[in-house]
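In: Got a sequence here, can you build the structure:
(3 chains)
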Amino acid sequence: MPELPEVEVTRRGVEPLLIGQRILAAHLGKPLRWPLGTEPKTLEQSRVLSVQRRGKYLVVGLDVGVLLIHLGMSGSLLAHTGPGGELRAHEHFGLDLTNGHLRLHDPRRFGAVVWAPSAVEGMAAKLLGGVGPEPFSPDLTPQTLHAGFKRSAVAIKPLLLAGKLVCGVGNIYASEALFLAGIRPQRRAARVSLAQATALLAAVRLVLSQAIEAGGSSLKDFRHSDGSSGHFQTQTRVYGREHEACGVCAAPIRMIRQGQRSTYFCARCQK
DNA sequence: AGGTTGACCTGTCAGC
DNA sequence: TGCTGACAGGTCAACC
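Out: As a prediction, the model looks like this:
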């Protein structure tokens, strides 16, 4: 589920609750993707200094180390005022804070909460080290993207999903960005021109910005930190719209599978 | 080394 | 109504 926009919406939602708060207790539910990496007790009394995002990870800076939080496919991070209690159904991590509490609700448990001494040590270094450039970074240019494309033998859509050349683009926004850029998802990345790479980078930035603005996509599980839903799913141009008419040319939207993921596109608009 | 596939886990929904 | 299978926003480890 959660791609960059959903994680960023979550970050903005939880930041005000977390900053400056002291952790009174940490709770673990069923195992998530990786173990926490420390005893929950060691988090007690530490203070939250920052809440940042790197790719699809939330990076919570503590005065003792960092917590990496990943929402996996079905995760939501819910912030509540008032004292915490026992974890409820599908809540597998929780922090009780001086003023409120935080819960990770994640039915499928593909998500993770990992502690490390710092963002550049231990498991955090390993996980964040695999994350490609941020889509909004000025260091990411059409030229660097195009150069990365040329080195690959893979189709453009799965290459975008891999997150090594640009991070944060998941299955919904990859289809959407390729549609806006007029590029077929099956096109070999090496055959994407510089002009197309330029259009694609602009499209990625536009789609992600619009999705953040819309509060992300709530297909099923995703919820904002206050429990409300995003609504970008109502504004998708192709994702989830097989057989519907393309908004540009009215040809039917098609769905194919690439690497076990569904891809949506317009065969007339995308070359 | 890079590309491809399976695995992780649970809920939901379509079809019989 | 109940069972079975397919599918869902991610991504890592194991294979060729």
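
In: Just give the closest residue to the residue in chain A positioned nearest to DNA strand C, not the sequence neighbours.
Out: Residue of chain A nearest DNA strand C, by CB to the nearest atom of the strand: A:Gly170 (2.0 Å). For glycine as for every other residue, the C-beta is placed from the backbone atoms N, C-alpha and C. Using CB to CB, 6 or more residues apart in numbering and skipping residues adjacent in sequence, the residue nearest A:Gly170 is A:Glu3, 3.4 Å away.

In: just A:Gly29 next, same as before
Out: Nearest one to A:Gly29, counting by CB to CB, 6+ apart, is A:His92 at 3.5 Å.

In: which bits of chain A sit near DNA strand B?
Out: Residues of chain A lying close to DNA strand B by CB under 7 Å from any atom of the strand are A:30-31, A:33, A:74, A:90, A:107-110, A:152-154, A:158, A:220, A:259-260.

In: So for the longest helix seen in chain A, mean pLDDT?
Out: Counting by DSSP state H, the longest helix found in chain A is helix A:194-213. Mean pLDDT, helix A:194-213: 98.

In: Low-confidence regions, chain A specifically.
Out: Along chain A, segments meeting pLDDT under 70 span A:1.

In: Tell me how it divides into domains.
Out: Here the domain parsing of chain A from automatic domain parsing is A:4-129, A:142-265.

In: need the ones you listed in CSV with mean neighbour count, can you?
Out: CSV is the format used below for the domains of chain A (neighbours: other CB atoms under 10 Å):
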stretch, mean neighbour count
domain A:4-129, 19
domain A:142-265, 19
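
In: A:His252 against A:His243, yeah?
Out: For the record, residue A:252 is Pro, not His. Yes: assessed by CB atoms under 8 Å, A:Pro252 is found in contact with A:His243 at 5.4 Å.

In: Any chance you could note which residues of chain A sit beside DNA strand C?
Out: So far as CB under 7 Å from any atom of the strand goes, chain A lies against DNA strand C at A:1-3, A:6, A:33, A:55-56, A:70, A:72-74, A:108, A:110, A:127, A:130, A:161, A:163, A:170-172, A:216-222, A:230, A:260-262.
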